[in-house]
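Participant: Pasting a predicted model and its sequence here:
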Amino acid sequence: MDEVTITDLTKNFGKLVAVDHMNLNIPAGTIFGLLGPNGAGKSTTTRLLSTLLRPTEGTAVVSEFDIIKSPVQVREITGVLPEESNHTIYPSLSAYENLEYFARLYDVPEEDIPERIEELLTFMDLWERKDDKAGELSTGNRQRLALCRALLHRPKVLLLDEPTSALDPIAAKRVRELILGLSKEYKQTFFINSHNLPEVQRVCDQIAIIDEGKILLHGPTQELRSKLLAKQEFRIRLVGDIATASSIAKSMNFVEEVKEEVDSILVTIEDPTENNSSLMRELLSSGIKIVEFAEEEASLEDLYLEVIKGGDA
Amino acid sequence: MGLNKSMLVAKTDLKMAMKVNYVKYGLVATVAIGPIMILATVGLIAFTATGADEIQLIMQMMAPMLSPMLGLIAIIPASLIAANALVGEREQNTLEPLLATPLTDRELLTGKVLSSFIPSMALLLGSIVVSALGSASLLMMAGWEPYMLPDLQGLFLLLTAGPLMILAMNSIMILISGRVSRVYEAYQVSGASVMVFMIPMLLPLMTMGGDGSIDPASVLFSNIITILIAAVLFVITWALAFSRFNRDRMVSLV
């Protein structure tokens, strides 16, 4: 069953079309990533889904609630981490007071509030700082606090706009683990805006690429990667002269492209099942010692660039 | 509509404001100007007057001007708090998460209105009590009959037009919150609205006689005019504020 259904969703700001007839279906429990460059329409989409903005055309249904007809119900079941969320915390309130305020606004049962706050702050390593004014916390800690705020009422759908943008690598990893954990345990649906491709690659089951308000591509992450990146690239790490190895590879008629790196060459091969062994034999016979011969995993970055480039063309 | 949610918003706004010393003491200091001026004037009169008739005449002349002044000064904090309530939240980027909660427009706006109305009314009533009791005490200390400033006419004005103006100020802030992006712009609009209280200060002066006496009927008339203007201003701005509040515009205008 789809948790988020977006139908012809459009948002204009004057003459600017920020979101252009978007159609998307996101199944329940999915971690969905919306990828796109700055100004592509990602944040506007999140704001539309969280009912902060009203669509110019079209609509969306979150869980069973229409964002135009039932905005209050939509807000009850969604948790929102806004863009630059580290700035969205009340600086004069303590970390605890910030969460307490929002827990009450979201109707978290009074008796559950202390426990939920402690659980989230402890998980985010902020429990020791609970009485500190939020304005005195570091950027990363404020972002973590904002994330706690979005999770407080255990929403069915989480709308996260650049959730790890202000976090250090360790904190970012914890957030990714948290997202994966919540998705597994509570079957929450995540709608994540990001231009952090490795992050999306690690976390999201489904991705869509958006540019100029239009969805250019949508589907399961693995499927899109293998479909769009049919070429197979192999990394050959070796001991010996890289230039010699490179020229040997280039001389083979089934090799499409060769890139040289410090200790290896990256080779794009046609029909690798047939041709890999020939290339390997040729290199070995020239006295080159092969340390590793492995398929390079196609990255989302390649996919992303490919799609955006295609859109420009 | 859940008044609990509105009260929660109001209480939290107040809590935040009171945590900032310059806001807390700034508001009290601003409102204190009215009673200080009244008590200083009454004190001077009490200890320099030569007779009861002289005091009576001076007090009757001063009362129509000092009472609206008390109102004018007391509603300045209302405009400052109200300007911060929505425009300030947007300026410090805290509005978006608040709008993303299940608060209805009515709950949110009522909360914001209460967050300004409660402290403003407390400050207004406080300044009335301090001025009235202080002026009566000073006259008694100097050996004269007690006379309260504000007098009954003034109390009538302050306790009717005062709350209406505070509420109107809040409505104006809600109305302009989708049109101005900075708090100082909101302050400018609120500053203009405060000027309504100049009417009862200036109108009675037109009837001032050669001996400095003011016709009590003109005071009553100007007070009623002020209350009517405040009421009309309140009703129109309140209706417009609640019917035209637009989350879309609040979020779009950055």
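Facilitator: On my side now, so go ahead.

Participant: how far away is the residue in the stretch 101-250 of chain A that chain B sits nearest to from residue A:72?
Facilitator: At 4.2 Å from chain B, residue A:105 is the closest residue in the stretch 101-250 of chain A, using Cβ to the nearest Cβ. Quick note: C-beta positions are derived from backbone N, CA and C, even for glycine. Per Cβ to Cβ, to the nearest Å, residue A:105 is found 12 Å from residue A:72.

Participant: list the contacts for residue A:17?
Facilitator: A:10, A:11, A:212, A:213 (Cβ atoms under 8 Å, 6 or more residues apart in numbering or on different chains).

Participant: Kindly report the same for residue A:95.
Facilitator: Counted by Cβ under 8 Å, 6+ apart, residue A:95 has contacts A:121, A:126, A:129, A:130, A:131, A:132, A:134, A:137, A:141, A:145.

Participant: Try it again at 7 Å.
Facilitator: A:121, A:126, A:129, A:130, A:132, A:134, A:137, A:145 (Cβ atoms under 7 Å, 6 or more residues apart in numbering or on different chains).

Participant: For the last one, pull up the helix or strand it's in.
Facilitator: Secondary structure from DSSP states H and E places residue A:145 in helix A:139-151.

Participant: avg pLDDT for that helix?
Facilitator: Averaging pLDDT along helix A:139-151 yields 91.

Participant: Check the burial of the residue lying closest to residue A:80 once chain neighbours are set aside by counting its neighbours.
Facilitator: Leaving aside its chain neighbours, residue A:80 sits nearest to residue B:100 (4.1 Å; criterion: Cβ to Cβ, 6 or more residues apart in numbering or on different chains). For residue B:100, the number of neighbouring residues by other Cβ atoms under 10 Å in any protein chain shown comes to 29.

Participant: try residue A:199
Facilitator: 22.

Participant: Which residues of the stretch 1-150 of chain A lie near chain B?
Facilitator: The stretch 1-150 of chain A has residues A:13, A:47, A:50, A:52-54, A:72, A:75-76, A:80, A:82, A:87-88, A:90, A:92-93, A:101-102, A:104-106, A:149 near chain B, with proximity defined as Cβ under 7 Å from any Cβ of the partner chain.

Participant: Give me the buried subset of the residues you listed.
Facilitator: A:47, A:50, A:52-54, A:75-76, A:80, A:82, A:87-88, A:90, A:92-93, A:101-102, A:104-106, A:149 (16 or more other Cβ atoms under 10 Å in any protein chain shown).

Participant: circling back to that earlier point, now render the contacts of residue A:95 as CSV, adding secondary structure and neighbour count.
Facilitator: CSV is the format used below for the contacts of residue A:95 (DSSP: H, G, I helix; E, B strand; the rest coil; neighbours: other Cβ atoms under 10 Å in any protein chain shown):
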residue, secondary structure, neighbour count
A:121, helix, 20
A:126, coil, 21
A:129, helix, 20
A:130, coil, 17
A:132, coil, 14
A:134, helix, 22
A:137, coil, 20
A:145, helix, 25
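
Participant: is it possible to export the residues you listed to TSV including distance to residue A:218?
Facilitator: Converted to TSV, these look like this (distance: Cβ to Cβ, whole Å):
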residue	distance to residue A:218
A:121	36
A:126	36
A:129	40
A:130	41
A:132	42
A:134	37
A:137	37
A:145	32
